[in-house]
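Peer 1: model the following, please.
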Amino acid sequence: MATVLSVSGSPSATSRTARLLLHLDDRLRDQGHDVVSLDVRTLPADALLGADFAHPAIVEATALFDRVDGVVIGTPIYKAAYSGLLKSLLDLLPQYALSGKTVLPLATGGSTAHVLAIDYALRPVLTSMGAAHVVPGWFTLDKDITVRADGTVALAAPTAEALGEVTDRFSAVLRERTALQERTTAPAPSTAVPAPNTAVLASSA
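Peer 2: All right, here's what the predicted structure looks like:
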């Protein structure tokens, strides 16, 4: 199956966004995918704010994007835009860091006034970075995410259904693209004519 990078762009240690991503990561794992998590807030602030491309943590994060098949990007929405923390990372990645990859954009926020932020703020950036397929994303209201005492989340029923659908669609596209890549990179069957068995020819002469 495919390898997925799950990126949380929330600056908060108690983020609903990050916990929502963990919830969806488990769904993807249940469907056979390998999932690697990247919490952008754990990267060194000096490297992000100072645009230090050569910092080991930034180099490592860039390598994660390079080796995966798909990316889930989650961000809180502030003033109709994705988080500055997420932007600071995207700005440090190569121009086409998402080339050939399938991407699922997800966002959380306190008001439906931000519901179009995925399509008008985040999707154009992902597309400009070369994403092969940005699947339909989903905006989740904060009030529809309840964080339990153990850190897991409970979702309002309509939200759980919608997120399940977009995650499953992302998973299906990943499976299709991975299968296609495997077919196109598989070695072609040999068309060489086998050499005659000289020992048999000699004995029949």
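
Peer 1: from here on, contacts and neighbour counts on C-alpha atoms
Peer 2: OK.

Peer 1: now stretch 14-25, how far from the centre of its chain.
Peer 2: Relative to its chain's centre, stretch 14-25 lies at 14 Å (C-alpha atoms, centre = their mean, to the nearest Å).

Peer 1: contacts for it?
Peer 2: With contact meaning C-alpha atoms under 8 Å, 6 or more residues apart in numbering, stretch 14-25 is reached by 6, 8-10, 35, 39, 74-76, 107-108, 142, 145, 147, 151-153, 167.

Peer 1: what about stretch 34-53, start to end distance?
Peer 2: Terminal residues of stretch 34-53 are spaced 27 Å apart (C-alpha to C-alpha, to the nearest Å).

Peer 1: equivalent analysis for stretch 141-152, please.
Peer 2: Span of stretch 141-152 from end to end, C-alpha to C-alpha: 17 Å.

Peer 1: ok, stretch 2-20 next?
Peer 2: Taking C-alpha to C-alpha as the criterion, the two ends of stretch 2-20 lie 21 Å apart.

Peer 1: what's the offset of that stretch from the middle of its chain?
Peer 2: 11 Å.

Peer 1: could you do stretch 158-170 as well?
Peer 2: 15 Å.

Peer 1: and that stretch, what's buried?
Peer 2: 159, 163, 166-170 (16 or more other C-alpha atoms under 10 Å).

Peer 1: of those residues, which belong to helices?
Peer 2: Counting by DSSP state H, the buried residues of stretch 158-170 place 159, 163, 166-170 in helices.

Peer 1: can you tell me the SS state at the residue nearest to the spatial centre of the chain?
Peer 2: Centroid-nearest residue in the chain: Val71, 1.0 Å away (criterion: C-alpha atoms, centre = their mean). Under DSSP: H, G, I helix; E, B strand; the rest coil, the three-state class of Val71 is strand.

Peer 1: that one against Leu104, yeah?
Peer 2: Yes - Val71 lies in contact with Leu104 (C-alpha atoms under 8 Å); the separation is 6.3 Å.

Peer 1: now do the strand or helix carrying Ala179: which elements does it pack against?
Peer 2: Here Ala179, judged by DSSP states H and E, is contained in helix 157-185. Here helix 157-185 touches helix 16-30, strand 102-109, strand 138-141, going by 3 or more C-alpha pairs under 8 Å, 6 or more residues apart in numbering; DSSP states H and E.

Peer 1: most packed of those?
Peer 2: Each of those was assessed for mean neighbour count using mean count of other C-alpha atoms under 10 Å. The highest is strand 102-109, with a mean of 25.

Peer 1: can you list the strands that that one pairs with?
Peer 2: strand 70-78 (parallel), strand 133-134 (parallel), strand 138-141 (parallel) (DSSP bridges).
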